[in-house]
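Undergrad: dropping a prediction and its sequence here:
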Amino acid sequence: KPMEGRITDIGPHKYDDYFPPVIKKNFGKWLYHEILEPGVLMHVAEGGDKCYTVRVGGTRTMSITHIRELCDIADKYCGGYLRWTTRNNIEFMVEDEAAMKALRDDLNSRKFNGGSFKFPVGGTGAGISNMVHTQGWVHCHTPATDASGPVKAVMDTVFEDFKSMRLPAPVRIALACCINMCGAVHCSDIGLVGIHRKPPMVDHEWADQLCEIPLAVAACPTAAVRPTKVEHDGKKVNSIAIKEDRCMYCGNCYTMCPALPISDGEGDGIAIMVGGKVSNRITMPKFSKVVVGYIPNEPPRWPTLTKTVKHIVEVYAANANKYERLGAWAERIGWETFFKLTGLEFTHHLIDDFRDPAYYTWRQSTQFKF
Ligand code: SF4
Ligand code: SF4
């Protein structure tokens, strides 16, 4: 509906225009919440009002028909209100328990033709919520891996933990398809990050025509890019030289200059980081650390990646104390023991030996070393 004072429909409306009535009425007055069962939360307000939330897994890219069905469900049970979470879950809110049960059962009963859940209820508490992820091969220009593909394969592998809460604490998984990390990989219990392992190629024919060469030089954080002149087609042309020893394969120069493509079938793949978190509950927030330096891209089902993630989850589930996040567990037992228990190979690629603030070479400055 048009809002008073707006002269265009561009940009999001004010957030509270979309609050369900019970949320609006009790804004700032919520006392506590409980997780009644996987995927179902109950918030209780000072005056006794309750809000039951049913959370279902979604996808980051959705078809129109899927979105229409979500809206129909919201119309039927929730007065037309629903919300998307940062992890691509969808939450439906109702005000009484009977309505919550009817809604939950309806959501669980909706299946695709093959029999899989359309709107799986879950993703709360000490389980695995939906994955935050980035764009991948379809949408972005610097990915070292896909996003939707490995995310779907990983979520299928850990699906039982989306629908249950048997783990010691929440396990948040994220995927970023390059080290720009548009996803929350640096602060997730398990972070999957696409990495390049080869320097960009230089297309001398186009470098001077497609790029502002000084911009490509300025884009490189390790000063590996410099201007040069080369022979091409019998004439001297302005181009770019890459000092390969300095390159950390970040792809930043390609962002500035399409004549420096970095994607490579053999070089690209996925690193696994673990132990990060945003929450300050019990222990301080933490950054994730690299524990697997490289896994090749194996579309369509990424078997090595999914097996490794599942294995880390199982070792954590079997060994951590209740309420202990993955990183807190690894720190308590010591990272040496983490590698012993998981059987992951410890290699020099995993050592963060940053020393030189002047970025003398990338070998002293990053965890991604190939
Ligand atoms: Fe693009 Fe990198 Fe972001 Fe993926 S993580 S969407 S490749 S910038
Ligand atoms: Fe520099 Fe990154 Fe390009 Fe390598 S990939 S040359 S480090 S900007």
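TA: Structure's in. What do you need? Numbering: from 1, shown residues only. Ligands and ions are numbered 1, 2, ... in the order given.
Undergrad: so residue 32 sits in a strand?
TA: Yes - secondary structure of residue 32 (DSSP: H, G, I helix; E, B strand; the rest coil): part of a strand.
Undergrad: list the contacts of residue 152.
TA: Residue 152 sits next to residue 59 when contact means Cβ atoms under 8 Å, 6 or more residues apart in numbering. (Glycine included, C-beta is placed from N, CA and C.)
Undergrad: in whichever strand or helix holds it, what counts as buried?
TA: Here residue 152 sits within helix 148-157, counting by DSSP states H and E. Going by neighbour count (16 or more other Cβ atoms under 10 Å), the buried part of helix 148-157 is 148, 149, 150, 151, 152, 153, 154, 155, 157.
Undergrad: dump these into a markdown table; add distance to ligand 2 and pLDDT as well.
TA: A markdown table is the format used below for the buried residues of helix 148-157 (distance: Cβ to the nearest ligand atom, whole Å; pLDDT from 0 to 100):
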| residue | distance to ligand 2 | pLDDT |
| --- | --- | --- |
| 148 | 25 | 92 |
| 149 | 24 | 95 |
| 150 | 22 | 97 |
| 151 | 25 | 96 |
| 152 | 29 | 96 |
| 153 | 28 | 97 |
| 154 | 27 | 98 |
| 155 | 30 | 97 |
| 157 | 32 | 98 |
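Undergrad: would you map the helices across the stretch 201-350 of the chain?
TA: 204-210, 213-219, 252-256, 303-319, 326-333, 335-342 (DSSP state H, counting those that start in this stretch).
Undergrad: just checking, residue 103 touches residue 90?
TA: No - the pair residue 103 / residue 90 is not scored as a contact, 11.9 Å apart, by Cβ atoms under 8 Å.
Undergrad: which residues are in contact with each of those two?
TA: With Cβ under 8 Å, 6+ apart, residue 103 and residue 90 have no common neighbours.
Undergrad: spit out the contact partners of the residue lying closest to residue 268 once chain neighbours are set aside.
TA: Spatial nearest neighbour of residue 268, chain neighbours left out: residue 144 (4.1 Å); criterion: Cβ to Cβ, 6 or more residues apart in numbering. By Cβ under 8 Å, 6+ apart, residue 144 lies in contact with 177, 178, 194, 195, 196, 251, 263, 268, 269, 270, 297.
Undergrad: my guess is residue 329 meets residue 320, correct?
TA: Yes - in this structure, residue 329 is within contact of residue 320 by Cβ under 8 Å, at 3.9 Å.
Undergrad: settle it for me: which of these two has more neighbours?
TA: Neighbour count, other Cβ atoms under 10 Å: between residue 329 and residue 320, residue 329 has more, with 22 against 19.
Undergrad: now the more buried one: how far from ligand 2?
TA: 34 Å (Cβ to the nearest ligand atom, to the nearest Å).
Undergrad: that residue and residue 346: what is the separation?
TA: According to Cβ to Cβ, to the nearest Å, residue 329 stands 17 Å off from residue 346.
Undergrad: any idea how many residues pack against residue 14?
TA: Residue 14 has 8 nearby residues by other Cβ under 10 Å.
Undergrad: same check, this time on residue 92
TA: Neighbours around residue 92, by other Cβ under 10 Å: 27.
Undergrad: so who does the nearest residue to residue 201 once chain neighbours are set aside touch?
TA: What sits nearest to residue 201 in space, not counting adjacent residues and going by Cβ to Cβ, 6+ apart, is residue 261, at 5.6 Å. Residues near residue 261 by Cβ under 8 Å, 6+ apart: 200, 201, 203, 254.
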